[in-house]
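*Asks:* Provided below are the primary sequence and the corresponding predicted coordinates.
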Amino acid sequence: MKPAAFDYVRADSTEAAIAFLAQYGDDASILAGGQSLMAVLNMRLAQPALLIDISQSLQMRESVISAEGLLIGASTTQAEIARRSNLMAEVPLLAQAFPHISHVQIQNRGTVCGSVAHADPSAELPLVLLALRGEVLLQSNQASRTVAAQDFITGMLTTTRRADELVRSVRYPLAQAGTGYAFGEFALRHGDYAACAVAAVVSRNGIRIAIGGVADCPAARDWPLLDGSALDDALNSLAWDLDARDDPLVSAKARRHLVRRLGLRVIKQAREAMDRK
Ligand SMILES: Cc1cc2nc3c(=O)[nH]c(=O)nc-3n(C[C@H](O)[C@H](O)[C@H](O)COP(=O)(O)OP(=O)(O)OC[C@H]3O[C@@H](n4cnc5c(N)ncnc54)[C@H](O)[C@@H]3O)c2cc1C
């Protein structure tokens, strides 16, 4: 199927993008890498009157390290971040997650902010943002605001972004001393969306685990430094809490199993990483 007719504009600055968003609101879609949007348009799941193409914007193509974290601008591709030479030291969960995201061709065009804005429940980048308590920086021509990752995604492909707001950037906190990070996922084929993805952050203060691919949106839990049967019980409760999706390829029962087994494995890896520090 072909998309419904739409108008196209190129916005090379934040100001231009948010001006179009202010004018068109719900009738406009930001076109970043197009790796999810074009499929949505081709299936006519959305029929925006206007596409605002930000993919060529040099102003929005940025990645800046500061004490607050790695700030990634709206036009920055996934590949540009994945290829940072020091990523494993800067944001180890991101470095571990990128190899699971589809294939290099998709990462060459797909943007980090686009993945977060799209809010696919199986996507790795919003999951890592949630696990690290990252932030989404939104901008309209009225105001800018910062939303904690845990308050941004509210359901399947649904976020708290307003129609006139651009995801200007996202911020991933940097690795902390004495903390171990691990990421793992199960997909039916390499590069497929995850049936279950797990990100774990372990320090002497406790465990933070985030799960994607299981429910309609990623979820995170904070536990003390559990071990043995207490950890098994916590993972089992989490598996039942998540309202696992049931589809012809992966049942809800299999997804719950993955939460328990993959969850345990990834937490152990994060704990070992912490012990090595
Ligand atoms: C074959 C294939 C396999 C894939 N496998 C995976 C996978 O395993 N894991 C994974 O995580 N992803 C996967 N993807 C998706 C890919 O990572 C996308 O690139 C990503 O989800 C969306 O990024 P994008 O820049 O292409 O956004 P687009 O497709 O351009 O946009 C997606 C949505 O977000 C909105 N949007 C984009 N940027 C902004 C912004 N700055 N502000 C406001 N709204 C915005 C758009 O309007 C649109 O609604 C796959 C895609 C394909 C085609």
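*Replies:* Structure's in. What do you need? Residues are numbered from 1 along each chain as shown.
*Asks:* just the mean pLDDT for the helix ranked longest in the chain, thanks.
*Replies:* Longest helix of the chain, by residue count under DSSP state H: helix 252-275. Averaging the model's pLDDT scores along helix 252-275 yields 98.
*Asks:* also stretch 5-14?
*Replies:* Mean predicted confidence for stretch 5-14 is 97.
*Asks:* can you give me the end-to-end span of it?
*Replies:* End-to-end distance for stretch 5-14, by C-alpha to C-alpha, to the nearest Å: 25 Å.
*Asks:* now that stretch: buried residues?
*Replies:* Neighbour-count burial for stretch 5-14 flags 6, 11, 14 (criterion: 16 or more other C-beta atoms under 10 Å). In this view, the C-beta of every residue, glycine as well, is placed from N, C-alpha and C.
*Asks:* residue 247: neighbouring residues, count only.
*Replies:* Residue 247: 9 surrounding residues under other C-beta atoms under 10 Å.
*Asks:* ok, residue 37 next?
*Replies:* With other C-beta under 10 Å as criterion, residue 37 counts 20.
*Asks:* show me the contacts for it.
*Replies:* Contact analysis of residue 37 by C-beta atoms under 8 Å, 6 or more residues apart in numbering lists 29, 31, 46, 51, 114, 118.
*Asks:* skipping adjacent residues, who's closest to the first one in space?
*Replies:* Counting by C-beta to C-beta, 6 or more residues apart in numbering, residue 48 is the residue found nearest to residue 29 once chain neighbours are left out, at 4.1 Å.
*Asks:* was I right about that neighbour contacting residue 6?
*Replies:* Yes: the pair residue 48 and residue 6 qualifies as a contact (C-beta atoms under 8 Å) at a distance of 5.8 Å.
*Asks:* what sits in contact with each of these two?
*Replies:* Taking C-beta under 8 Å, 6+ apart as the criterion, residue 48 and residue 6 both touch residue 41.
*Asks:* so what's the residue in the stretch 151-277 of the chain that the ligand sits nearest to bridging to?
*Replies:* At 3.5 Å from the ligand, residue 167 is the closest residue in the stretch 151-277 of the chain, using C-beta to the nearest ligand atom. In this entry, residue 167 is beta-bridged to residue 138, by DSSP bridges.
*Asks:* ok, now which ones touch it?
*Replies:* Residues near residue 167 by C-beta under 8 Å, 6+ apart: 30, 74, 113-114, 116-117, 136-138, 161.
*Asks:* the residues you listed in helices, which ones?
*Replies:* Here DSSP H is the test, and the contacts of residue 167 give 113-114, 116-117 as lying in helices.
*Asks:* nearest to residue 24, of these?
*Replies:* Proximity of those to residue 24 was ranked by C-beta to C-beta; the top entry is residue 117 with 16.3 Å.
*Asks:* and the nearest residue to that closest one once chain neighbours are set aside, how close does it get to residue 255?
*Replies:* Leaving out its chain neighbours, the residue that sits closest to residue 117 by C-beta to C-beta, 6+ apart is residue 167, at 4.6 Å. Residue 167 sits at a distance of 28 Å from residue 255 (criterion: C-beta to C-beta, to the nearest Å).
*Asks:* so which strand or helix has the residue nearest the centre of the chain?
*Replies:* Residue closest to the average C-alpha location in the chain (C-alpha atoms, centre = their mean): residue 126, at 1.5 Å. Element membership of residue 126 [criterion: DSSP states H and E] is helix 124-131.
*Asks:* now that helix: mean pLDDT?
*Replies:* For helix 124-131, mean pLDDT rounds to 98.
*Asks:* ok, stretch 178-189 next?
*Replies:* Averaging pLDDT along stretch 178-189 yields 96.
*Asks:* and the closest residue to residue 263 other than its chain neighbours, how many neighbours?
*Replies:* Nearest non-adjacent residue to residue 263, counting by C-beta to C-beta, 6+ apart: residue 235, 4.7 Å away. By other C-beta under 10 Å, the residues close to residue 235 number 23.
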